[in-house]
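Asks: One predicted model, sequence on top.
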Amino acid sequence: MTKQKTVSAHALPPRRLEDLNLMDDFLFQEMLMQEDIGEEFCRILLSTILGRPFRHVKVIPQKNILGLGNSRHGIRLDAYIEDLSQEETMPGVHMSDARVIPDIYDFEPNNTYEKETLPKRMRYYHSLIDAQLLEKGTDYDSLPNVTSIVILPYDPFGRNRMVYTFKMQCIEDASVAYNDGATKIFLYTKGNGSGKSLRDMLKYLQETTDDNVTNQDIEAIHRLVLKVKQNQEVSIDYMKSWERDSYFRKEGLAEGKAEERDDICRLIRLLLAADRNDDIQKLAADPAYCDQLLEEFAIARTEE
């Protein structure tokens, strides 16, 4: 009788490609990177979120912007979008003209809970985006409008709103105009308020299923999603990405254990040199006492 091979539960990805939602980083990025899909996908999203038509956009997925200096923190934008609609609405205007900079939009779907750091994170994102837009000798009034759109599965500000829009204003008199062109929009996929089309779109992003296709725009995106999920190359890339992530997790765990082992060996050598044999026996039986000794000898134990 042939013995069946036992397959480990960790040998396969925890979720199938067809079960991924658009809030999942892999599927969202694949939508952007498909040349015949990314522009249409982002155009429909922008139109739904901002409530106005977008006729032509240029999408740059995973745009990296370096920090100002080698020692400064850089950023990666999930979807850097240039609105090229002005070419169609303003005769004689060409976006290739260095004097004409298109409005910029940045999509950031984020499943990671980082409520406390979101405001300063977006401040930093805007500063680096601005820094790479204005060339030397260019007037400040040519700086384009920049809108960052963060899509979240949790409420970032605790008011159960679907949309939180932030712009600069005068504290003493809110009626004083202060248009610096910077806008930050936070979308909570389960919040209240706003129109039905946006509410349905956010629900679809959170749960990308046939049941949540409720209008023509979502239907158009759903067709694109199915096209991506049925792409054999995308399926292979998904398996490779999971295997790569799994490898790095294992390597990180192994590295952490090796460093922890080195710390313990160093501690034992120091205890032997100090003729503290009783402490060696005690640390083997008491993890808390082991930590105490590591702290005493100023040895930083690796956190798991």
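Replies: Looks like it came in fine.
Asks: For the residue nearest the centre of the chain, give me the pLDDT.
Replies: Among the residues of the chain, the one closest to the centroid is residue 110, at 4.7 Å (CA atoms, centre = their mean). Here the pLDDT value assigned to residue 110 is 89.
Asks: Also residue 100?
Replies: For residue 100, pLDDT reads 55.
Asks: now swap in residue 144 and tell me
Replies: 91.
Asks: Skip the chain neighbours and tell me the closest residue to it.
Replies: Nearest residue to residue 144, sequence neighbours excluded (CB to CB, 6 or more residues apart in numbering): residue 101, at 4.3 Å. For glycine as for every other residue, the C-beta is placed from the backbone atoms N, C-alpha and C.
Asks: What residues does that neighbour make contact with?
Replies: 133, 142-144 (CB atoms under 8 Å, 6 or more residues apart in numbering).
Asks: Beyond the lowest-mean-pLDDT helix or strand in the chain, next helix or strand please.
Replies: Ranking every helix and strand in the chain by mean pLDDT, DSSP states H and E puts helix 86-89 at the bottom, with a mean of 56. Under the assignment DSSP states H and E, the closest C-terminal helix or strand after helix 86-89 is strand 104-109.
Asks: Would you mind listing the outside residues contacting that next one?
Replies: By CB under 8 Å, 6+ apart, strand 104-109 touches 22-23, 25, 28, 42, 45-46, 57, 77-83, 125, 129, 133, 144-151, 205.
Asks: again, only using 6 Å
Replies: Outside strand 104-109, the residues within contact range by CB atoms under 6 Å, 6 or more residues apart in numbering are 23, 28, 77-81, 144, 146-151.
Asks: Out of these, which two sit at the greatest distance?
Replies: Maximum pairwise distance among the contacts of strand 104-109 (CB to CB): 27.6 Å, between 23 and 144.
Asks: Which one's more surrounded, these two?
Replies: Between residue 23 and residue 144, counting by other CB atoms under 10 Å, residue 23 is the more crowded of the two (20 against 17).
Asks: show me the contacts for the more buried one.
Replies: 109, 111, 205-206.
Asks: Now flag whichever of those residues is closest to residue 287.
Replies: residue 111 (33.3 Å).
Asks: So that closest one: helix, strand or coil?
Replies: Assigned with DSSP: H, G, I helix; E, B strand; the rest coil, residue 111 falls in the coil class.
Asks: residues contacting it?
Replies: Per CB under 6 Å, 6+ apart, neighbours of residue 111: residue 23.
Asks: What backbone torsions are found at it?
Replies: phi -90, psi -10 (degrees, to the nearest 10).
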